[in-house]
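**Student:** The following comprises the amino acid sequence and a computationally predicted model.
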Amino acid sequence: MSSHRYTGLGGSKFRHGLRSRRAALLAATALSIVGSVSAAAAEGDANEALLKKLDKMEQRIQALEAELKQKDAAAKPAPRPISTRSANAAASSVAPGGTTDAKQDAKDAKGKPEAQPAGTPAKPMLNLPPLPSVGDKPILGLVDSPVPGLSIGAYGEIKFGSVQNPAANGQWQNGFDAARFVLLPTYAITPNIIFNAEIEFEHAGSGFDNDDKLHGTAEIEQVWIDFKIIDQFNVRSPGIDLVPIGYINQHHEPTQFYSVNRPELYNGLIPSTWKVPSSSVYGTITEDLKYQVMVSTSNEDFGDTFDNRTAAKTVPLPGTPYAAGIDGLNALGFSRPPLGDFQQLNNAVAVSGRLDFTPTFLPGLAGSVSAYYSPNTTPRGAHDDLGNFLGHSSLTMFDAEFRYRVPDTGLELRGEYVRAEFGRPENLRANNDSDPANNVGKTMYGYSGEVAYHVPLGTVLNSEWEAVPFYRYTYQNLQTGGFAGTDANLPTGAGERQFHTAGFALFPSPKVALKATYQHVIDKSITGAMSDSFLGGVGFFF
């Protein structure tokens with residue numbers, strides 16, 4: 001948010017008062033000196049006594065001037081640190097009319113930027129607005145910050161509607177979900193050392209009594225300190241961060257996509273929100289190109305509870321079954337590494353990287369390419385249901401995506417392709433757990449295409465409203481060929497799915513989205529997916 005400025009009548013009076021007091025003090029001092037000189041002459045005092053008086057008065061004047069300088073300095077605005085949260089997490093959208101990130105950063109340095117709806121293609125913010133000094137309402141957009149450099153933002157989403165339940169033979173069931181509320185504290189320790197965090201409450205939070213009626217979590221989703229060195233090279237301290245792969249994984253606020261739920265590719269194939277213990281370097285190569293490189297704890301092929309880990313930090317002993325972290329129904333959804341208490345089950349270190357581009361020769365276009373590699377996802381002590389130990393299995397991922405807002409029109413296009421490759425899939429737990437329905441082949445992949453149109457609705461309730469109807473097609477295959485392991489090769493077809501998602505998002509403000517979505521799901525299982533839904537939602541980000 002923007003830096004503090006003393007504006008209006010109050011600030012003007014304050015500065016005028018300082019100048020008036022300084023003039024009065026100097027005038028009084030001068031009169032005192034003149035009076036002292038006159039008295040000394042009248043009384044015939046010696047020159048030495050007069051000089052002593054003049055020395056004392058000069059010291060007093062210097063003390064008063066120093067005090068006034070301190071008051072003037074306190075009245076000046078503190079230097080405004082520039083947020084690293086958006087620009088240096090490798091964000092790469094283009095603002096309306098083809099404004100690039102570099103231009104948007106310049107706007108940010110002048111003051112609070114206008115929030116933008118998803119894919120407008122406005123400059124997306126990873127999680128927080130620019131950092132503030134005192135003033136300009138940086139605490140949830142409601143009150144001024146009591147501390148220079150402190151900001152607290154928030155985002156969240158509420159969902160409701162009717163969904164088919166495959167476990168109930170496709171029966172339609174009405175429901176409600178306070179999906180998430182996230183606090184976004186940021187503090188500029190100095191203009192070049194910046195603390196960032198996300199504190200998330202999901203599904204109304206967690207409770208312990210029956211009358212709480214809660215079934216959610218409270219967790220630290222992100223926490224790190226950025227060290228801004230130069231534009232080309234900056235360092236992110238060890239902490240919890242998002243793997244820089246895909247777009248929505250890093251820009252997952254509900255104003256950044258139009259459907260009620262996050263796009264389908266980010267519900268397992270990319271396990272959004274994919275947070276890991278990590279450290280990064282990042283920067284700007286050219287005005288059109290940014291990068292981020294991360295080292296992190298590896299994902300693990302273990303999807304069971306913490307109670308099923310031994311004190312030796314292994315999976316359960318042979319003879320005790322455990323759930324897979326990678327499987328042909330949930331993809332990588334349960335394989336994310338633990339974040340706390342040294343509970344990781346292998347020593348592998350993963351490497352990931354991302355390049356964001358916003359070509360100036362093609363205004364309105366933005367996109368990225370990214371990759372992830374882990375040499376081993378097999379946890380310590382991994383075994384099949386027959387008691388045989390499992391060897392290493394690597395994971396390689398690749399993602400490419402683009403967003404294009406056709407200049408001078410409301411038309412917007414998006415596309416994405418993601419692919420995961422498994423080294424030695426015969427060592428994956430899903431292929432050795434006596435369940436042939438969740439087998440994993442050599443690869444998983446998916447792609448999507450989306451078209452949307454931005455329709456301005458004019459001014460309502462002192463705000464410019466916009467409607468965005470959209471349609472998105474998604475295909476993913478989580479059970480391709482190349483299977484190997486002890487399980488029978490009997491895929492159900494449920495891992496190969498098509499998603500037809502249509503609806504609209506209504507933006508009363510770029511910070512608020514009202515959504516309605518219908519989704520039809522098709523797979524090759526015997527009964528069909530039975531997972532269609534009619535959903536409404538409210539999302540916000542400020």
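**Tutor:** The structure has been received and is ready for your questions.
**Student:** in the protein, which helix or strand is least confident?
**Tutor:** helix 101-110 (a mean of 36; mean pLDDT, DSSP states H and E).
**Student:** Can you spell out which helices and strands pack onto the helix or strand following it?
**Tutor:** Next helix or strand after helix 101-110 toward the C-terminus (DSSP states H and E): strand 150-165. Packing partners of strand 150-165 (3 or more C-beta pairs under 8 Å, 6 or more residues apart in numbering; DSSP states H and E): strand 171-190, strand 533-541. Just so you know, the C-beta spots here come from the backbone N, C-alpha and C atoms, and that holds for glycine as well.
**Student:** Any idea how far strand 150-165 is from the middle of the chain?
**Tutor:** Distance, stretch centre to chain centre, for strand 150-165: 15 Å (C-alpha atoms, centre = their mean, to the nearest Å).
**Student:** Just the angle for that strand relative to strand 533-541, thanks.
**Tutor:** Counting by axes from the mean of the first three to the mean of the last three C-alpha atoms, to 10 degrees, strand 150-165 lies at 180 degrees to strand 533-541.
**Student:** residues of strand 150-165 that come out buried?
**Tutor:** The neighbour-count check on strand 150-165 (16 or more other C-beta atoms under 10 Å) flags 150-161, 163-164 as buried.
**Student:** Export only the CA atoms of it, formatted as CSV.
**Tutor:** In CSV, the C-alpha atoms belonging to strand 150-165 read as follows (Å, rounded to 0.1, in the frame of the first residue of the first chain):
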residue,chain,number,x,y,z
LEU,A,150,3.4,-3.1,8.3
SER,A,151,0.5,-4.4,6.1
ILE,A,152,-2.2,-7.0,6.7
GLY,A,153,-4.3,-8.1,3.8
ALA,A,154,-6.7,-10.9,3.3
TYR,A,155,-8.5,-13.1,0.8
GLY,A,156,-11.1,-15.8,1.1
GLU,A,157,-14.0,-17.6,-0.5
ILE,A,158,-17.4,-18.9,0.4
LYS,A,159,-19.1,-21.7,-1.6
PHE,A,160,-22.6,-23.1,-1.8
GLY,A,161,-24.8,-25.1,-4.1
SER,A,162,-25.6,-28.6,-5.1
VAL,A,163,-23.2,-31.4,-6.1
GLN,A,164,-23.4,-35.1,-7.1
ASN,A,165,-21.9,-37.5,-4.6
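**Student:** So what angle separates the directions of that strand and strand 171-190?
**Tutor:** Interaxial angle, strand 150-165 versus strand 171-190 (the same axes, to 10 degrees): 170 degrees.
**Student:** any idea of the mean pLDDT for strand 150-165?
**Tutor:** Per-residue pLDDT over strand 150-165 has a mean of 96.
**Student:** Touching, Tyr471 and Ser448? I think so.
**Tutor:** No. With contact defined as C-beta atoms under 8 Å, Tyr471 does not reach Ser448; the gap is 11.0 Å.
**Student:** who's more crowded, these two?
**Tutor:** Ser448 (21 against 14; other C-beta atoms under 10 Å).
**Student:** quick one on the thing from earlier: joint contacts of Tyr471 and Ser448?
**Tutor:** Applying C-beta atoms under 8 Å, 6 or more residues apart in numbering, one finds that no residue jointly contacts Tyr471 and Ser448.
**Student:** Sketch out the low-pLDDT regions of this structure for me.
**Tutor:** Residues of the chain that meet the criterion pLDDT under 70 lie in 1-51, 69-136.
**Student:** neighbours of Phe470, just the number please.
**Tutor:** 23.
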